[in-house]
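A.B. asks: how would this look folded up:
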Amino acid sequence: MSGIAEAVALAAPSFTGQLLRPGDDGYEERRRVHNALIDKRPAAIASCRGVADIIDAVGLARAAGLEVSVRGGGHNVAGKATIDAGLMIDLSPMKGIHVDVAARTVRAQGGVLWKELNRETQLHRLATTGGVVGSTGIAGLTLGGGVGWLMPKYGLALDNLRAADMVLADGRVVRASAEENRDLFWAIRGGGGNFGIAASLEYALHPVGPMVTAGAVVHPLARAFDVLRFFRDACATLTDDTMIMAALQTAPDDATAKLVAIVGAHCGSLADGAAAFRAIKTFGPPVLDVIEPTPYATLNGMLDPAFPKGARSYWKAQFLTDLSDEAIRALIGGYQQCPSPMCHIIVEHFHGAASRVPTTATACALRISGFNVVIASQWLGAEETDRGIQWARDTFASLTPFLAPTRYVNYLEADAADAAAVVYGQNLRRLREIKQQYDPENFFKQNVNIRP
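C.D. replies: As a prediction, the model looks like this:
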């Protein structure tokens, strides 16, 4: 085993990206992830430009005896993209995107963000299910599941994954698809970064846009009980073209004004979209209605201002057995105690194509129709940290009587207990067997870890 400096020096002559250590120009910027609550200092950062760099980075980590983390977009709220005293393998310079219009597929490298992918595919009026925040990385979101506005119509992001080029723990590069390494392909669709590094991903594309019907209607918090009951009932009548969510939040232009909003998107024709949202737009009526024809690419950045890079974040999230009146009261009561105007409680509705896939068809066990609650605590100052974390925990505890046993791996907090068993359920046994085959030493463990 050589030291870090020696291993970096050996890798440097052939490395086409950057190899950074503490004190080097660019190190401080590269080590930071989206969530400022996560403040780790890798022993080295390997910012890769291609597959060969990824292979060299894996070899460097082995030579220096370093644990590794893998960064794509760096958006994971639990901070899995970074590591203390280990090697961060940084894919963020890998931005290649190729759209095959005839085949309706897109192939993109592991450092691409959803806003970048959408920009290229929308040139051809095509899209695939991507995140609801445009600055999220495609790789981490997809390997963990992939919630997005198109999921009722076209499934989760991972349901649209056609293939991935994976760098394994031993430095080999293999392709995972329905035709090649089928067990690995099953595992990476939900199993996160446990099995290797996704150097590139290929997705199916669908005709979407360029204009869709999307936006939000907003009501004062005093009406929250009635609005959330209406939201619950409206969800029971949705077609696959429509996804909606509800949010308890503070007005962006008035930190004293708490609001409840219904946010949604319809991916079909504008005429059908107008009809789908007619009841939502007239209920109340709202104090603000901005549901209107919207460019699809704009829709995928609509929520970005609510989740700024550099804010400190702590989330608790889980499905409810039902959005009952009692659960609604608990949500409202919890939100009324929030300590920062940057805090949100979001209720996502799952239905349609994503929910109809059998649980064992992919590693992802998130095949459910119902309501996922996200308690997104956010703040800026370090002095607010204790209050911000405690509010999320207390609000989550108040929901205990209403919680279902399903959690989404990409929303898990850093200190989630027994995380793999919670998110994978009956699929965990097969995942552990595949982990033993592809990563028996558990080289990739800076994740919701599946032990071999």
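
A.B. asks: for the stretch 201-350 of the chain, what spans make up the helices?
C.D. replies: Secondary structure of the stretch 201-350 of the chain (DSSP state H, counting those that start in this stretch): helices at 224-235, 270-276, 278-282, 296-299, 325-335.

A.B. asks: export these to JSON lines and tack on mean neighbour count and distance to residue 352?
C.D. replies: No exception for glycine: its C-beta is placed from N, CA and C like everyone else's. Below are the helices of the stretch 201-350 of the chain laid out as JSON lines (neighbours: other CB atoms under 10 Å; distance: least, CB to CB, whole Å):
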{"stretch": "helix 224-235", "mean neighbour count": "19", "distance to residue 352": "11"}
{"stretch": "helix 270-276", "mean neighbour count": "16", "distance to residue 352": "13"}
{"stretch": "helix 278-282", "mean neighbour count": "14", "distance to residue 352": "17"}
{"stretch": "helix 296-299", "mean neighbour count": "22", "distance to residue 352": "17"}
{"stretch": "helix 325-335", "mean neighbour count": "18", "distance to residue 352": "22"}
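
A.B. asks: I'd like the ones you listed written out as CSV, with mean pLDDT and distance to residue 216 added.
C.D. replies: Listed next are the helices of the stretch 201-350 of the chain as CSV, based on pLDDT from 0 to 100; distance: least, CB to CB, whole Å:
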stretch, mean pLDDT, distance to residue 216
helix 224-235, 98, 12
helix 270-276, 97, 14
helix 278-282, 97, 10
helix 296-299, 94, 11
helix 325-335, 98, 17
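
A.B. asks: so which of those helices gets nearest residue 142?
C.D. replies: Of all the helices of the stretch 201-350 of the chain, helix 296-299 sits nearest to residue 142, with 18.3 Å by CB to CB.

A.B. asks: residues in contact with that closest one?
C.D. replies: Helix 296-299 is contacted from outside by 115, 118-119, 122, 127, 149, 208-212, 214, 265, 267, using CB atoms under 8 Å, 6 or more residues apart in numbering.

A.B. asks: wait, which of these is closest to residue 411?
C.D. replies: When the contacts of helix 296-299 are compared against residue 411 (criterion: CB to CB), the nearest one is residue 149, at 16.8 Å.

A.B. asks: which helix or strand lies directly C-terminal to the worst-scoring helix or strand of the chain on mean pLDDT?
C.D. replies: Between all helices and strands in the chain, the lowest mean by mean pLDDT, DSSP states H and E belongs to helix 4-11, at a mean of 83. Next along the chain after helix 4-11, taking DSSP states H and E as the criterion, comes strand 18-20.

A.B. asks: neighbouring strands - and their directions - for that following strand?
C.D. replies: According to DSSP bridges, strand 18-20 forms sheet pairs with strand 44-47 (antiparallel).

A.B. asks: residues making contact with the strand it pairs with?
C.D. replies: Applying CB under 8 Å, 6+ apart, the contact partners of strand 44-47 are 4, 8, 11, 15, 17-21, 26-27, 30-31, 53, 56-57, 60, 64, 66, 87-90, 92-93.

A.B. asks: what pLDDT is listed against the nearest residue to residue 238 once chain neighbours are set aside?
C.D. replies: Spatial nearest neighbour of residue 238, chain neighbours left out: residue 351 (6.1 Å); criterion: CB to CB, 6 or more residues apart in numbering. pLDDT recorded at residue 351 is 97.

A.B. asks: kindly report the same for residue 1.
C.D. replies: 41.

A.B. asks: circling back: which of the contacts of strand 44-47 count as buried?
C.D. replies: Buried members of those, counted by 16 or more other CB atoms under 10 Å: 4, 8, 11, 15, 17-20, 27, 30-31, 53, 56-57, 60, 64, 66, 87-90, 92-93.

A.B. asks: beta partners of the residue lying closest to residue 270 once chain neighbours are set aside?
C.D. replies: What sits nearest to residue 270 in space, not counting adjacent residues and going by CB to CB, 6+ apart, is residue 293, at 5.4 Å. Taking DSSP bridges as the rule, residue 293 bridges to residue 213.

A.B. asks: how many neighbours does the residue lying closest to residue 335 once chain neighbours are set aside have?
C.D. replies: Nearest residue to residue 335 in three dimensions, chain neighbours excluded: residue 248, at 4.1 Å (CB to CB, 6+ apart). If you count neighbours by other CB atoms under 10 Å, residue 248 ends up with 24.

A.B. asks: tell me what residue 248 is bridged to.
C.D. replies: As for beta bridges, residue 248 partners with residue 260, residue 345 under DSSP bridges.

A.B. asks: surely the residue nearest to residue 238 meets residue 235?
C.D. replies: Yes: using CB atoms under 8 Å, residue 351 is in contact with residue 235, at 7.0 Å.

A.B. asks: what mean pLDDT does whichever strand or helix holds residue 373 get?
C.D. replies: Taking DSSP H and E as the criterion, residue 373 maps to strand 370-379. For strand 370-379, mean pLDDT is 97.

A.B. asks: what sits against the spatially most central residue of the chain?
C.D. replies: Residue closest to the mean C-alpha point of the chain, counted by CA atoms, centre = their mean, is residue 141 at 4.0 Å. For residue 141, the contact set (CB under 8 Å, 6+ apart) comprises 73, 75, 114, 130-131, 147, 157, 410.

A.B. asks: identify the farthest-apart pair in those residues.
C.D. replies: Using CB to CB, these span at most 14.6 Å, a distance reached by 73 and 147.
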